[in-house]
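J.: quick one: sequence and predicted model below, then my questions.
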Amino acid sequence: MNTVNLEPSKAHADGHGSGRPAPNPRAGALPLIHAPVATDGANSGGIISPPAITADESIQKMLRCPCCRGRLVRHEGKLHCDDPNCQMQFPVVDGIPVLINDHNSLFTRADFVSKRNTTFDLARGSMIRQLDRWLPTLSRNFAAGRNYRAFARSVLKQSPQPVVLVIGGGILGRGMEALAAHPQIRLVETDVSFGPRTQVICDAHDLPFADSSFDGVVTQGVLQYVVAPSRCLRELERVLKPHGIVYAESAFMQQVVHGRYDFFRFTHLGLRRLFRRFEEVDSGPVGGPGMALAWSCQFFLLSFATTRWVRRGIYAFTRLTLFWLKYVDALLLKKPGTYDAASGFFFMGQKRGTILPDHELVARYRGAQ
């Protein structure tokens, strides 16, 4: 999920390039076992293969049970955990594995089998989508393009064909074109929603991947929407290789934009502490006080609305009249006061295993107070 740099009416994210390198032999461990399925038809002597998983073989080799991290065996169109103490079963919907631990998630496997809208609705009316494209936005991410280029350079130093996990990658996040443009980088895009780029359905609290699978991890506009950010960070660290690179963006001065699935906001130091087991490469604001002010004005007016159409009218009015505030941030982004009033922050770091002490954390305050 990615809303650090999106309008409330577009809330979500979490992309990859069209080119694909050869599978990275370091990317995973054991392959899925494909068992044949009996059928009454005459195809291939009464045996046909189950529906194909759209993720390529190198990605399938990384997959693990989200409940116990056991190996997954494919049988009769489902993925089965081969741990005798677990034996959980996971559906494959339209070629996408649904690897959700029902006991530790806001969602269940049944939600995805029935194709219920979870965090966002890609099937909104065409008129609303056209209006979204036509109206100016209140948001601008001044850092993402530059940061993703730096992230790409960093992971390419880790491996000539790095594998990067995108948490919340159902649609292409703002600025990720700079990362997706590298054909050497293989992106594994996951989400808790079906989207045009979703390869695996999973929850960040229980990532269904083997330990040390990825050279890099991207989580853009996700951490404010998880119920236990610290648990998600432990999972992120687990699947990241030693010295792997992480890039995260999260909201600070933003209103509730994801309804019931909206839980946290992070100051600059709050986000840094969340990643305290990482050595900082870079960090700072992604959207400034101008963007935060525009959103505050919009939500002030929305607080008077009682019907959907009035809300839509306010969205349109505020976007037409307040869009210019985001451009003021170009003058403010590097000023100390912005660290106290930014719309959102980013963190880029390298996995080291050492922990940043809290007394050193507070010494890194960059604000104006």
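T.: Yep, that arrived. Numbering: from 1, shown residues only.
J.: what about the helices in the stretch 201-350 of the chain?
T.: For the stretch 201-350 of the chain, the helices defined by DSSP state H, counting those that start in this stretch occupy 229-239, 268-274, 289-302, 308-322, 325-332, 338-341.
J.: of the ones you listed, which approaches residue 137 most closely?
T.: Checking the helices of the stretch 201-350 of the chain against residue 137 by Cβ to Cβ gives helix 308-322 as the closest, at 6.5 Å. Where you see a C-beta, it was placed from the backbone N, CA and C, and this is true even at glycine.
J.: next one, pLDDT for residue 238 please.
T.: Here, the pLDDT recorded for residue 238 equals 98.
J.: for the one 4 residues further on, same thing?
T.: For residue 242, the pLDDT comes out at 96.
J.: quick one: contacts for the nearest residue to it once chain neighbours are set aside?
T.: Distance criterion Cβ to Cβ, 6 or more residues apart in numbering; nearest residue to residue 242, sequence neighbours excluded, is residue 351 at 6.3 Å. By Cβ atoms under 8 Å, 6 or more residues apart in numbering, residue 351 lies in contact with 237, 240, 241, 242, 243, 244, 245, 246, 277, 278.
J.: same check on residue 191?
T.: 1, 14, 119, 167, 168, 169, 170, 198, 201, 202.
J.: which one of the residues you listed is nearest residue 309?
T.: Looking across the contacts of residue 191 and measuring by Cβ to Cβ, the closest to residue 309 is residue 119, at 23.4 Å.
J.: let me have the contacts of residue 351 in a markdown table, adding distance to residue 255 and neighbour count as columns.
T.: Putting these into a markdown table (distance: Cβ to Cβ, whole Å; neighbours: other Cβ atoms under 10 Å) gives the following:
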| residue | distance to residue 255 | neighbour count |
| --- | --- | --- |
| 237 | 30 | 18 |
| 240 | 32 | 23 |
| 241 | 37 | 20 |
| 242 | 39 | 10 |
| 243 | 38 | 14 |
| 244 | 33 | 27 |
| 245 | 31 | 28 |
| 246 | 27 | 24 |
| 277 | 30 | 16 |
| 278 | 29 | 26 |
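J.: these in strands, which ones?
T.: Members of those lying in strands (criterion: DSSP state E): 240, 241, 242, 243, 244, 245, 246, 278.
J.: quick check: the third one touching residue 215?
T.: No: under the criterion of Cβ atoms under 8 Å, residue 242 makes no contact with residue 215, lying 10.3 Å away.
J.: show the contacting residues for the closest residue to residue 212 other than its chain neighbours.
T.: Excluding the flanking residues, the one nearest residue 212 by Cβ to Cβ, 6+ apart is residue 241, at 4.7 Å. Going by Cβ under 8 Å, 6+ apart, residue 241 touches 158, 212, 213, 214, 215, 351.
J.: and the fourth one, how far from residue 72?
T.: Here the criterion is Cβ to Cβ, to the nearest Å. By it, residue 214 lies 18 Å from residue 72.
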